[in-house]
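Trainee: After the sequence you'll find the predicted model.
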Amino acid sequence: MRDSSSAMRVSIIGGGIAGVALALNLCRHTHLNVQLFEAAPAFGEVGAGVSFGANAVRAIAGLGIAGPYRKIADCTPAPWQDIWFEWRLGSDAHYLGNSIAEGVGQSSVHRADFLDALASQLPSGIAQFGKRAQQVVQNEEGVRVTFSDGSEHCCDLLIGADGIKSSIRDHVLQGLQQPLVSPRFSGTCAYRGLIDSQQLRSAYRARGVDEHLLNVPQMYLGLDGHILTFPVKQGRLINVVAFTSNRTQPNPTWPKDEPWVRTANQAEMLQAFAGWGDAARILLECIATPSLWALHDLPELPSYTYGRVAVIGDAAHAMLPHQGAGAGQGLEDAWLLARLLAYPQVVNKQPEAVLEAYDAVRRPRACRAQRTSWEAGELYEFRNPGVLDNQQMLGKELSERFDWLWQHDMHVDLLEAMKILGLHVQAA
Ligand SMILES: Cc1cc2nc3c(=O)[nH]c(=O)nc-3n(C[C@H](O)[C@H](O)[C@H](O)COP(=O)(O)OP(=O)(O)OC[C@H]3O[C@@H](n4cnc5c(N)ncnc54)[C@H](O)[C@@H]3O)c2cc1C
């Protein structure tokens, strides 16, 4: 058992965006002893862009990493700085409207740069690599994790940030005597690539396509497909994701032995977008070797915590990428948990209650983000039954549908969680 004078041992499984962001904030507190275990031999992210909504940008600032983020983030130049995306028809780039996120617009980074920026701030000795968590056992006194290399680790609280295929989630659900959940294939696959922006500008110019489409993030919509673009690496590259959906099966499945990500060829990608207009097709013609991603999400979980173990990020609420919200929700989890664990008096007396308060406050919002992410994909691809391809309705719906997500006040969450914990202090 832990000596009451020593630091509370909080261990994190998984070194993706959610796990590293949490570790970075927690390791600032002297009453916590933080360890992070990552299965891979090093921190690593894919070479693609990730965009953050206004809520996620606030979480980044709240986690104390605004400085490193600002150095690598792209935003849209004035006078379009508040635009998240412009919405257009894929067939001819006809303008449908835009979504405005005042003060933030589109805020995006190269994934690997972001994870590097976070990881480089972690004090040495916190992260251990090549540690794949395999088994978790807990009692009232603590948690023991066994790794695939046979080693063991004991801690007071364990946070699973181990992504959509989380094994820590299995421990939580088993403990609660709930059925285990598996990732669901959505029927949608995404071709991804990064294009040199000068190359694309020249290609647009040569074919008479309006270069404005490169100045502002764009979303091209069509039946059972949509394509998004936004800049990364200070505008030197354009991140492109081209989604194509097969809705012929009510419950699509992805073959068990097929990888979720593979290298694709340009011809198959162009075939999937045959009949789309120049603005969209020229983008795809600039991507010589796209990668293809089979998109999965999770059903809503009945709880994010059991005893001294909780899950955050994709381990808890993996969602489709259609609102650009998944990583942002993981950052909101990390922010709230870090704020609650900052109170030594609560953490020491009732560690399980901290995790329960986190679950009570975060789960409804993250579940709503999961649901609305799926709905957004239906809307973009003309499958929302009340809207279909009605241009006026699409423009109106798309101008408003993200406000609840972006304008959320996380300090209200914190106050609610503190109330649950019986802490009546003023939130910072
Ligand atoms: C095409 C696409 C586009 C997207 N675009 C956006 C976007 O623009 N904006 C946005 O906010 N979100 C976006 N997302 C979602 C976002 O990528 C995820 O929500 C986010 O990366 C999840 O981070 P995470 O840290 O929770 O999990 P992960 O990034 O999955 O990290 C989990 C980590 O845990 C490690 N691990 C796994 N199992 C174990 C184990 N047993 N033991 C130890 N370590 C383990 C893994 O190696 C990994 O490093 C997109 C997703 C896709 C697929």
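Mentor: Arrived safely, thanks for sending. These numbers come from a predicted model, not from an experiment.

Trainee: CA only for contacts and neighbour counts going forward, please
Mentor: Noted.

Trainee: Not counting its own residues, what contacts the helix or strand of the chain with the lowest mean pLDDT?
Mentor: Across the helices and strands of the chain, mean confidence by mean pLDDT, DSSP states H and E is lowest for helix 344-349: a mean of 82. With Cα atoms under 8 Å, 6 or more residues apart in numbering as the test, helix 344-349 has contacts from Ser4, Met8, His31, Leu340, Leu341, Val354, Leu421.

Trainee: Check those residues and tell me the two furthest apart.
Mentor: The distance between the two most remote of these (Cα to Cα) is 20.2 Å, for Ser4 and Leu421.

Trainee: So between these two, which is more surrounded?
Mentor: Between Ser4 and Leu421, counting by other Cα atoms under 10 Å, Leu421 is the more crowded of the two (16 against 9).

Trainee: So what does the more buried one look like in phi/psi?
Mentor: Main-chain torsions, Leu421, degrees, to the nearest 10: phi -90, psi 0.

Trainee: isn't it right up against Glu356?
Mentor: No: applying Cα atoms under 8 Å as the test, Leu421 and Glu356 come out as separate, 9.1 Å apart.

Trainee: Next secondary structure after the helix or strand where Ala61 lies?
Mentor: Secondary structure from DSSP states H and E places Ala61 in helix 54-62. Per DSSP H and E, the first helix or strand lying C-terminal to helix 54-62 is helix 66-72.

Trainee: That following helix - contacts with which helices or strands?
Mentor: Here helix 66-72 touches helix 111-119, going by 3 or more Cα pairs under 8 Å, 6 or more residues apart in numbering; DSSP states H and E.

Trainee: Can you give the strand pairings for the following helix or strand past the helix it packs on, parallel or anti for each?
Mentor: Counting by DSSP H and E, the element after helix 111-119 in chain order, helix or strand, is strand 127-128. Strand 127-128 pairs in its sheet with strand 32-37 (parallel), by DSSP bridges.

Trainee: got a list of contacts for the strand it pairs with?
Mentor: 7-15, 19-20, 23, 26-27, 126-133.

Trainee: likewise stretch 321-333?
Mentor: Residues outside stretch 321-333 that contact it (Cα under 8 Å, 6+ apart): 17-18, 21-22, 50-53, 55-57, 59-60, 312-314, 317-320, 358, 362, 366, 369, 372-374, 376-377, 402, 410.

Trainee: list the buried ones in it?
Mentor: Under the neighbour-count criterion of 16 or more other Cα atoms under 10 Å, stretch 321-333 has 321-333 buried.

Trainee: Mind picking the two most distant members of those residues?
Mentor: The most widely separated members of the buried residues of stretch 321-333, counting by Cα to Cα, are His322 and Asp333 (19.4 Å).

Trainee: Write out the residues of this protein neighbouring the ligand.
Mentor: Along the chain, the residues adjacent to the ligand under the rule Cα under 6 Å from any ligand atom are 13-19, 37-40, 50-52, 131-134, 161-164, 166-167, 295, 313-315, 321, 324-328, 330.

Trainee: give me the element Leu331 is part of.
Mentor: When elements are assigned from DSSP H and E, Leu331 belongs to helix 326-341.

Trainee: could you check the angle strand 32-37 makes with that helix?
Mentor: In terms of direction (axes from the mean of the first three to the mean of the last three Cα atoms, to 10 degrees), helix 326-341 departs from strand 32-37 by 150 degrees.

Trainee: Run through the stretch 201-350 of the chain and note the low-pLDDT ranges.
Mentor: Across the stretch 201-350 of the chain, nothing is flagged by pLDDT under 70.
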